[in-house]
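J.: Any chance you could fold what I've pasted below:
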Amino acid sequence: MPLDPRGAARMALAHGGTVRASASHGDGELPGWRELCAPSTLDCPDVDEAQLQAAWELARSPATLAQEDRRALFHLALAAVVNRRRGSTRMPLEGDGPTLRALLGEFAVDEELSRRVFALVRAPGGAAEVLGSSGDARPLVVDRDGDGDGVYIQRQRVLEERFVARLAGLAAATGGPVAATRAEVDAAVDDVRAGGAHALRPAQADAVRAALLARFTLITGGPGTGKTSIITAILRALVRLGVAPADCALAAPTGKAAHRMSEAVRAGLAALVSPAPVDAELARACPEAKTLHRLLGYSPRSDHFNHHARNPLEHRVVLVDEASMIDLALMDRLVSALRPDASLVLLGDADQLPSVDAGAVFRDLVPGPSPTDLRARFTVRLTESHRMNPARPAGRNILMVAQAMNEGRVGELFTGAEQITRRAGAAELAFEGVEFLPLGGAAERTALAARWVAARLKGDDDHQRRVRAPYRLCAGQLAAEHEADVAALFAHLESSRVLCLLRDARGGGAAAEWNEELGELCHPSVRARERARRPGTPVLMQKNDYGRGLWNGDLGVILSAGEDAASCEPRALFRRGGGFVAFPLGALAASLEAAWAMTVHKAQGSELDAALLVLPPKDGPLLAREILYTAVTRARRSVVIAGDEALLLAGVGRRLVRHSGIVARLTARLA
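T.: Numbering: from 1, shown residues only. Next up, the predicted model:
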């Protein structure tokens, strides 16, 4: 049975394919494909086989389309899928950032072809079966409801409309998660403030109060502004108002962020000097933070979520940390899975990197400076940082440089009152505050790597003893007598990290290259393929392992461990609850990579003492102030930025623009 052309195009837009291989066979399967492609299109960094396959499937679907219009449709579709890969859900025709005009420029299409593309958007003609208007069930949709015309892949438009409708209903609902008066809520918050180990500041108390009085609350603040303390305070206030711990869910986008969330809540409860009976009960029955995929019951085998609108979550309150990392599709899944009377609290930093996949939902939900912005109804903004202590010179320097970066004040980075300190060579690094080191060839990179290993990785004699020691396991768990040593080893390895914008690239700016360099320095007499198995090597999970309860982004360390001396061998140890679990390396070989260095994306949610940010050797779409701000704000005491100063200034001077229709749609519904 022949496949409907619109269905084929939708499948291509969703799944990609292998158009280059097919086109090169010369078997007639894709006649005229090369003639559709502008000469420089393949030079665009985001154009790959999957993108070309999607564009081709859509462009060849209309049977009667003239060849020049087919070329125009091909490039329109290609621009749409590249735009989505770069994180936007909507593609404006003109303006700033990724737009149709800008992408056609990157493809180097000529003026005549560009004119035909825009003419096709205005009047699809023979392409109408794959290119429609708002409300049409077409693979590509021209949206005329927002701020000027824009092109959507239809699935992205459907997701936006559905998510905004559900969220607007949640935001407009009256009452909070409990049937309590304002006076009862105030009394619960006051009791929490009086009995906490660390006093809540007024803005934090306002955030707790807002979460108890509304069905939807968004709490945004930079690193160290106390968002995690607010989570603990919300839970403590809820149990005072009669909500059982089991009725609350804690979640985060990644396993690492979920683990940090659980650890922080446990630590906050354990630090209470004189806990009330309800606090003691909360500590005993505190919900474990889960990844959003675990919370929603995702099955990788069936690619299906167990919880959705027809089978909602049972929890009355759902609190989600690091929400800036959540893409549109997952945010829609979360909101649709809430039970009708549930409350949702999202916490994150709107100035950090948005999600890896399409959407910048958290940022879209944060109000702008206008006092009439309707998003202010559900938003609490935290501004006082406690991680980068302004009373300490190094912490203050990091805080001020981060603020200058976030506001795009390029001219103040090296000349302001709290500027970056230039260093001529690696030997001059003091590892205090923010320092800049020019980085050119391989010799300079090796010198910097050696300085980093000596100053940040090697550790003292106790650290070296812990690395070499054998550890006893009991049914896969680390024996209790070793927990203090392994916790200290983890703390040392997690205190410093090399951060890169890219994972795999050549030229000295990618995490894979730095892991090779640092691995050789840390294990100089070991073959490259064996270094990831050597005790003391930090490792990072690259994908979810549902059977073992390990998640993409989880950090571990290789140590020699076994049930007895005979079974002792290198194993990967990971944190689990209050202890550690060990796994044979053979079972995890395909999921692990060394983690002396990692991408800034993977480091989101980390808290470091020292960070080394390595800039890429040349400019690219990722180099923008959000990724630089995110990297710098990982550290409390020391940030070293290494690379080309001109690239640093160029990156700080521009924002990472992602287009969507969420703000316009949400504002219209809230009005």
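J.: Helix, strand or coil: sort out P617 for me.
T.: Under DSSP: H, G, I helix; E, B strand; the rest coil, the three-state class of P617 is coil.
J.: And it, how far from A66?
T.: When distance is defined by Cβ to Cβ, to the nearest Å, P617 is 44 Å away from A66. Bear in mind the C-beta positions are built from the backbone N, C-alpha and C, glycine included.
J.: Look at the two and report which has more neighbours.
T.: A direct count of neighbours by other Cβ atoms under 10 Å for P617 and A66 places P617 higher, at 18 against 12.
J.: Run a quick check on the more buried one versus G509, I expect a contact.
T.: Yes: P617 is within contact range of G509, at 5.0 Å (criterion: Cβ atoms under 8 Å).
J.: shared neighbours of the two, which are they?
T.: G643 (Cβ atoms under 8 Å, 6 or more residues apart in numbering).
J.: Who are the contact partners of D357?
T.: Going by Cβ under 8 Å, 6+ apart, D357 touches 87, 327-330.
J.: May I see these organised as CSV, with distance to L36, pLDDT and secondary structure added?
T.: Supplementary listing: the contacts of D357 in CSV, determined by distance: Cβ to Cβ, whole Å; pLDDT from 0 to 100; DSSP: H, G, I helix; E, B strand; the rest coil:
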residue, distance to L36, pLDDT, secondary structure
G87, 26, 89, coil
D327, 30, 93, coil
L328, 30, 95, helix
A329, 30, 93, helix
L330, 34, 95, helix
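J.: okay, among the residues you listed, which ones form the most distant pair?
T.: In those, two members sit farther apart than any others by Cβ to Cβ. They are G87 and L330, at 13.8 Å.
J.: more crowded one of those two?
T.: When G87 and L330 are compared for neighbours, G87 comes out ahead with 23 against 20, by other Cβ under 10 Å.
J.: in what helix or strand does the closest residue in space to the more buried one that isn't next to it in sequence lie?
T.: Of all residues beyond its chain neighbours, the one nearest G87 is R658 (4.5 Å), with distances taken as Cβ to Cβ, 6 or more residues apart in numbering. Here R658 sits in a region with no helix or strand, counting by DSSP states H and E.
J.: my read: R658 touches S88, true?
T.: Yes: look at R658 against S88 with Cβ under 8 Å: they come within range, at 4.8 Å.
J.: so what's in contact with the two at the same time?
T.: With Cβ under 8 Å, 6+ apart applied, the overlap between the contact sets of R658 and S88 consists of 97-98.
J.: Tell me where the model's unsure across the stretch 51-200 of the chain.
T.: Of all residues in the stretch 51-200 of the chain, those with pLDDT under 70 make up the ranges 145-148, 195-198.
J.: what are the ranges of the helices in it?
T.: Ranges of helices in the stretch 51-200 of the chain, per DSSP state H, counting those that start in this stretch, are 67-85, 100-106, 111-122, 154-172, 182-195.
J.: Kindly compare burial across these and name the winner.
T.: helix 67-85 (a mean of 23; mean count of other Cβ atoms under 10 Å).
J.: and for stretch 420-428, what are the contacting residues?
T.: Stretch 420-428 is contacted by residues 401, 413-414, 429, 433-438, 444, 447-448, 450-451, 641 when judged by Cβ under 8 Å, 6+ apart.
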